[in-house]
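Novice: Next comes the sequence, and after it the predicted model I'd like to discuss.
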Amino acid sequence: MKRLLALIAAALMMAPTVCHADEGMWIPMLLGRNQAAMQKAGMHITAQDIYDINKASLKDAVLLFGGGCTGEFVSDEGLVLTNHHCGYSYIVKHSTVEHDYLTNGFWAMTREQEIPCPGLTVTRLVYMQDVTKEVLDGVTEGMSEGDRETIIENNIKAVSAKATEGTHYKAVIKPFYYGNQYFMYVNEVFTDVRLVGAPPSNIGKFGGDTDNWMWPRHTGDFSMFRVYVDGSNKPAAYSKDNVPYRPLKHLEISLKGVDEGDFTFVFGYPGTTRRYVTHDYVDLAANQENPVRIALRTIRLDHYNAAMRQSAAQRLKYASRVAGIANGWKKWQGESLGIERLHGVEQKMAQEEQFRQWAKDKPQYRDVLDSMEANYAQLREVSLEWTYFNEAVMASDFMQRAYRLFRIQRNSDTALVTSMRADSEKYFEDFDQHSPVDEAIFVETFLYMWEHGYAPYMNLKHSTDAEVEATLHKVYAKSILNNPKKLEKVLSMKREKMIHAIGTDPAVQIFSQAYNYCYGGDKRQRHSTANDNIQRLMRTYIKGMMEQYPDSNFFPDANLTLRVAYGHVEGFKPKDATYYTAYSTIDGIMEKENPDVYDYRVEPRLKELWQKKDYGHYATKKGELPVAFIATNHTTGGNSGSPVLNADGQLVGINFDRCWEGTMSDLLFDPAYCRNISLDIRYCLFIIDKYAGARHLVDEMTLVEQ
Ligand code: ARG
Ligand code: GLU
């Protein structure tokens with residue numbers, strides 16, 4: 001207790017009652033409130049240059065790329081820049097053994113060579129509007145949450161319909177501050193987007209998962225697309241008659257670059273942050289859920305990585321799933337460490353204590369934190385089951401396929417059977433009936449659950465690990481899921497017979513038990529009730545905090561809407577006796593080169609250019625070729641591909657990551673450690689121009705030398 005009090009006292013001293021300088025993701029429409037601070041920090045332009053509805057402004061050049069990245073227009077012919085990892089799945093989709101664009105890169109030398117990407121959209125914000133009054137119209141203080149939701153839902157439908165009537169626009173309305181405020185986004189969605197260029201993987205993904213989330217970084221993480229429209233410059237489905245879009249605004253590109261201390265801002269679509277949650281959430285994430293997720297993903301990664309080292313074919317097979325698994329795995333480790341370093345739980349408790357004091361005589365706020373704790377106590381009882389279900393039960397292809405049989409069993413839609421049959425055929429082509437990697441993942445993840453008391457249904461209390469393991473292997477061997485002939489036979493049976501056969505399959509049986517254990521009984525209900533209550537209480541809590549600190553500017557948590565974050569180019573000290581400077585150069589690529597390690601193979605032509613120091617006007621004054629830089633801008637997932645702009649609003653970089661030591665910034669921001677990582681635009685141009693010889697693309701852009 002003494003130690004806890006001491007920690008709370010220490011945390012209280014560091015606890016920011018207001019947000020830190022540099023912290024925050026601000027709403028473009030309300031940027032006027034930040035203008036003075038931004039100008040004081042070094043910005044030369046105005047809030048209106050960034051967001052204006054009366055004339056073209058920077059916001060017209062910034063796009064939601066697909067459903068979770070950002071992109072930006074860099075020419076008056078609809079040319080878009082984003083990250084390589086944002087364009088990844090499209091680059092993969094168009095790659096074949098003969099034309100392996102993923103490995104070798106792709107550059108359209110003519111417009112005809114640009115490749116359509118069906119399904120890919122980019123979205124431009126036309127204007128946004130505060131619609132709180134309209135959305136909350138009819139909502140009263142004492143009404144039930146259910147009634148409140150119904151009214152809000154209906155209002156949202158009506159307001160969006162009215163706003164887009166007679167236009168080709170689409171409206172989205174989102175809650176801010178847990179539903180204290182609502183904004184409407186009226187968007188223009190472009191549906192003909194074509195791949196224009198991508199560097200080879202050993203440039204666009206140089207460093208791979210080894211360097212992911214890390215500084216110093218040397219990844220040329222960019223790709224290029226172009227937006228096509230109909231003859232009247234409006235979005236249209238793909239047609240060969242479509243023409244390049246003429247944007248209202250495209251970004252100017254500065255060749256001056258940035259130096260330590262320079263002002264920058266990031267303009268894009270951050271996905272999710274949870275800045276205002278209470279200590280329970282932080283504890284749950286950092287101390288309960290993250291360790292389980294990390295342990296279970298380690299099992300998967302070990303097996304996949306070993307397989308990938310064995311052959312090029314296996315590397316291709318697992319590359320993109322490993323990228324996804326490893327990304328969260330590494331981020332959560334950094335996040336938990338960061339929370340521990342900051343005494344995040346105690347820091348939150350200290351803030352809550354201040355709130356309790358302040359709220360003592362305010363009936364509307366007095367009990368909110370007690371109720372919050374009570375609901376978190378409920379949530380804790382069932383929350384790890386969700387983690388186990390997602391990270392263990394569903395970890396293997398085997399169980400994911402068992403889940404499909406389970407759904408067929410419960411749902412009479414014949415489409416499920418048809419698609420399972422088709423996919424199984426493909427699956428067996430790929431895996432030759434038996435995948436030792438997948439079997440090991442299935443066995444080890446279930447064993448882990450069992451050892452940690454999360455698989456009591458296995459009813460093997462007195463068994464040894466070895467016995468459980470043997471049982472799991474047996475399940476794997478006996479299931480129809482690993483026998484193409486038997487599976488096909490079952491899936492072609494009449495429904496009743498099929499259901500019976502599925503019901504006797506050991507894989508489906510163990511899956512059903514796991515499913516019922518994790519979600520069955522009233523567990524699902526308890527989980528969602530606690531969560532709904534917490535959301536509702538957060539609405540009150542944050543409203544209270546805003547009254548408690550009326551002079552602070554509370555930024556709303558990220559929710560995949562357009563935001564501005566600003567800060568400075570700045571190095572940091574990640575650990576004792578180590579200082580990271582703010583930018584990396586091509587020399588670092590050559591230092592990392594290791595032909596034996598896939599992630600560190602250097603593209604030969606890049607090496608040639610480096611040897612000749614053939615950097616053109618992309619070099620710094622010192623003659624170095626910069627690759628990436630770090631800054632104090634507050635960003636999160638979704639900000640990938642975001643333009644990083646200088647004091648004059650010119651493009652100097654493309655955001656693509658955060659530094660590992662600062663990944664707790666979704667929950668807690670620490671200016672000493674939180675840094676976003678951006679690709680230096682000069683390296684991007686150098687690759688397009690000098691490396692790829694696609695000069696025509698650079699010529700389309702507006703470069704500013706000084
Ligand atoms: N960490 C970056 C982000 O969160 C990049 C992820 C893609 N790169 C990778 N090596 N997996 O999305
Ligand atoms: N790579 C992340 C993305 O895809 C950005 C890194 C972050 O989480 O800040 O959005």
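Specialist: Right, received. Where do you want to start? Ligands and ions are numbered 1, 2, ... in the order given.
Novice: Up against ligand 1, what does this structure have?
Specialist: Residues of the chain lying close to ligand 1 by C-beta under 6 Å from any ligand atom are 85, 208, 209, 212, 213, 323, 326, 327, 637, 640, 657. For glycine as for every other residue, the C-beta is placed from the backbone atoms N, C-alpha and C.
Novice: who wins for neighbours among these?
Specialist: With neighbours taken as other C-beta atoms under 10 Å, the top of those is residue 657, carrying 29 neighbours.
Novice: quick one: secondary structure of that one?
Specialist: For residue 657, the assignment made with DSSP: H, G, I helix; E, B strand; the rest coil gives strand.
Novice: who does it bridge with?
Specialist: residue 677 (DSSP bridges).
Novice: I am assuming it contacts residue 212, so please confirm or correct that.
Specialist: Yes: at 7.1 Å, residue 657 counts as touching residue 212 under the criterion of C-beta atoms under 8 Å.
Novice: Report how many residues lie close to the spatially closest residue to residue 41 that is not a sequence neighbour.
Specialist: Nearest non-adjacent residue to residue 41, counting by C-beta to C-beta, 6 or more residues apart in numbering: residue 263, 5.4 Å away. For residue 263, the neighbour count with other C-beta under 10 Å is 21.
Novice: Okay, residue 263 and residue 417: tell me how far apart.
Specialist: Separation of residue 263 from residue 417 (C-beta to C-beta, to the nearest Å): 59 Å.
Novice: Over to residue 544?
Specialist: 53 Å.
Novice: Repeat that for residue 198.
Specialist: Remark: distance between residue 198 and residue 417 (C-beta to C-beta) = 38 Å.
Novice: circling back to that earlier point, so the residue nearest to residue 41 touches residue 645, yeah?
Specialist: No: between residue 263 and residue 645 there is no contact under C-beta under 8 Å: 9.3 Å.
Novice: Now do the strands in the stretch 601-706 of the chain.
Specialist: Applying DSSP state E, counting those that start in this stretch to the stretch 601-706 of the chain gives strands spanning 626-631, 643-645, 651-658, 676-680, 702-704.
Novice: Could you pull up the mean pLDDT of the fourth one?
Specialist: Per-residue confidence for strand 676-680 averages out to 98 on the pLDDT scale.
Novice: Show the contacting residues for residue 92.
Specialist: Neighbouring residues of residue 92 by C-beta atoms under 8 Å, 6 or more residues apart in numbering: 102, 320.
Novice: Quick check on the residue in the stretch 101-250 of the chain that ligand 1 sits nearest to: phi, psi?
Specialist: Residue nearest to ligand 1 within the stretch 101-250 of the chain (C-beta to the nearest ligand atom): residue 212, separated by 3.8 Å. When read as degrees, to the nearest 10, the backbone of residue 212 gives phi -50, psi 140.
Novice: measure it to residue 222 for me?
Specialist: On the measure of C-beta to C-beta, residue 212 and residue 222 end up 16 Å apart.
Novice: Looking at residue 198 and residue 417, which is more packed in?
Specialist: Neighbour count, other C-beta under 10 Å: between residue 198 and residue 417, residue 198 has more, with 27 against 20.
Novice: picking up where we left off before, for the strands of the stretch 601-706 of the chain, give me TSV that also has distance to residue 25.
Specialist: Formatted as TSV, these follow (distance: least, C-beta to C-beta, whole Å):
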stretch	distance to residue 25
strand 626-631	14
strand 643-645	14
strand 651-658	12
strand 676-680	11
strand 702-704	27
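Novice: Which of the ones you listed sits closest to residue 312?
Specialist: Of all the strands of the stretch 601-706 of the chain, it is strand 651-658 that lies closest to residue 312, at 26.1 Å by C-beta to C-beta.
Novice: for that closest one, packing partners?
Specialist: Applying 3 or more C-beta pairs under 8 Å, 6 or more residues apart in numbering; DSSP states H and E, we find strand 651-658 packed against strand 252-254, strand 263-268, strand 643-645, strand 676-680, helix 681-686.
Novice: Pick the most deeply packed of these.
Specialist: strand 643-645 (a mean of 29; mean count of other C-beta atoms under 10 Å).
Novice: Check the offset of that strand from the chain's centre.
Specialist: Offset of strand 643-645 from its chain centre (C-alpha atoms, centre = their mean, to the nearest Å): 18 Å.
Novice: mind listing what it pairs with, with the direction of each?
Specialist: Strand 643-645 has the following strand partners under DSSP bridges: strand 263-268 (antiparallel), strand 651-658 (antiparallel).
Novice: By proximity to ligand 2, which residue of the chain wins?
Specialist: residue 640 (3.0 Å).
Novice: who's in contact with that residue?
Specialist: 69, 70, 82, 83, 85, 86, 655, 656, 657.
Novice: repeat that with 6 Å
Specialist: 69, 83, 86, 656 (C-beta atoms under 6 Å, 6 or more residues apart in numbering).
Novice: ok, of the residues of the chain next to ligand 1, which one's closest to residue 65?
Specialist: Using C-beta to C-beta, the shortest approach to residue 65 within the residues of the chain next to ligand 1 belongs to residue 640, at 8.5 Å.
Novice: Spell out which residues of the chain are next to ligand 2.
Specialist: So the chain meets ligand 2 at 635, 636, 637, 638, 639, 640, 656, 657, 658 (C-beta under 6 Å from any ligand atom).
Novice: could you redo the last one with a cut-off of 8 Å?
Specialist: 68-70, 83, 85-86, 213, 270-271, 327, 331, 635-641, 655-658, 663, 665-666, 676-677 (C-beta under 8 Å from any ligand atom).
Novice: mind listing what the nearest residue to residue 594 once chain neighbours are set aside touches?
Specialist: Of all residues not flanking residue 594 in the chain, residue 600 sits nearest, at 4.1 Å (C-beta to C-beta, 6+ apart). Neighbour list for residue 600: 592, 593, 594 [criterion: C-beta under 6 Å, 6+ apart].
Novice: on that earlier part again, gap between the residue of the chain closest to ligand 2 and residue 469?
Specialist: 40 Å.
Novice: Same question for residue 300.
Specialist: 17 Å.
Novice: between the two, who's got more neighbours?
Specialist: Set residue 300 next to residue 469 and count neighbours by other C-beta under 10 Å: residue 300 wins out with 25 against 16.
Novice: Show me where the stretch 601-706 of the chain dips below the pLDDT cut-off.
Specialist: Along the stretch 601-706 of the chain, no part satisfies pLDDT under 70.
Novice: What residue in it comes nearest to ligand 1?
Specialist: residue 657 (4.5 Å).
Novice: likewise the stretch 301-450 of the chain?
Specialist: The stretch 301-450 of the chain approaches ligand 1 most closely through residue 323 (3.7 Å), counting by C-beta to the nearest ligand atom.
Novice: What is the three-state secondary structure of that residue?
Specialist: For residue 323, the assignment made with three-state DSSP gives helix.
Novice: Contacts only, for it.
Specialist: Counting by C-beta under 6 Å, 6+ apart, residue 323 touches no other residue.
Novice: roughly how far apart are it and residue 261?
Specialist: 34 Å.
Novice: Same question for residue 173.
Specialist: Residue 173 sits 40 Å away from residue 261, going by C-beta to C-beta.
Novice: Give me the more crowded residue out of those two.
Specialist: It is residue 173, of residue 173 and residue 261, that has more neighbours when counted by other C-beta under 10 Å, with 20 against 10.
Novice: what's the helix or strand hosting the more buried one packed up against?
Specialist: Here residue 173, judged by DSSP states H and E, is contained in strand 170-176. Packing contacts for strand 170-176, counted by 3 or more C-beta pairs under 6 Å, 6 or more residues apart in numbering; DSSP states H and E, involve helix 145-164, strand 181-190.
Novice: now the helix or strand harbouring residue 387, how far from the centre of its chain.
Specialist: Secondary structure from DSSP H and E places residue 387 in helix 368-388. The chain centroid and the centroid of helix 368-388 are separated by 25 Å under C-alpha atoms, centre = their mean.
Novice: Excluding covalently adjacent residues, which one is nearest to the residue of the stretch 451-600 of the chain found nearest ligand 1?
Specialist: Going by C-beta to the nearest ligand atom, ligand 1 is nearest to residue 599 of the stretch 451-600 of the chain, at 8.9 Å. Leaving aside its chain neighbours, residue 599 sits nearest to residue 208 (3.4 Å; criterion: C-beta to C-beta, 6+ apart).
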